[in-house]
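Colleague: no sequence on hand, only this structure:
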């Protein structure tokens, strides 16, 4: 997500809701045998255009989830949401995952699966068509979905970037 229009957000005045995307038991092999711990991917958002993801690892499930939530709060970004959908179609690739998101008409709902659904619900998108191709690894899917959402631009930011008025953006 090395995009210039990504806006970091402060957590002080936000009402954030967390969603657990994936939890896995991981193993570290040592001289004394296997050491088991848990890895949790968590997405947090205020359902009004702010979202972040985090990864937490600990020897107990609840500790891993709480570490993931703390990590997610450090990585919040603002996403443009217009009338409950996204401004335009966007594709993004992260690792082996390719994600495509498209705006949808009111009443469509969130047409997405698993990890993508958690991210889109946390952002506050109500109507969107989404498709994932390639790897279904939840780590890569979450990162690809947030990457695609970070590349979205609304008309106001486009007009500001080009140094023209809003009406000129739509009229050419």
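Modeller: Structure's in. What do you need? None of these values were measured; they are calculated from a predicted model.
Colleague: what is residue 58 paired to in the beta sheet?
Modeller: Residue 58 forms beta bridges with residue 38, as assigned by DSSP bridges.
Colleague: any buried residues in stretch 54-67, and which?
Modeller: Within stretch 54-67, the residues scored as buried using 16 or more other CB atoms under 10 Å are 54, 55, 56, 58, 64, 65, 66, 67. For glycine as for every other residue, the C-beta is placed from the backbone atoms N, C-alpha and C.
Colleague: just to check, residue 76 is in contact with residue 51?
Modeller: Yes - taking CB atoms under 8 Å as the definition, residue 76 is a contact partner of residue 51 at 7.0 Å.
Colleague: shared neighbours of these two, anything?
Modeller: Residues within reach of residue 76 and of residue 51 at once, by CB atoms under 8 Å, 6 or more residues apart in numbering, are residue 44.
Colleague: higher neighbour count, the two?
Modeller: Comparing residue 76 with residue 51 by neighbour count (other CB atoms under 10 Å), the higher total belongs to residue 51, at 31 against 21.
Colleague: can you pull out the helices in this structure?
Modeller: Under the criterion DSSP state H, the chain carries helices at the ranges 61-73, 114-123, 138-150, 155-162, 166-171.
Colleague: follow-up on the earlier one: ok, so of the buried residues of stretch 54-67, who is nearest residue 18?
Modeller: The shortest approach to residue 18 among the buried residues of stretch 54-67 belongs to residue 65, at 8.1 Å (CB to CB).
Colleague: report the contact partners of that closest one.
Modeller: Counting by CB under 8 Å, 6+ apart, the residues that residue 65 touches are 20, 23, 40, 42, 56.
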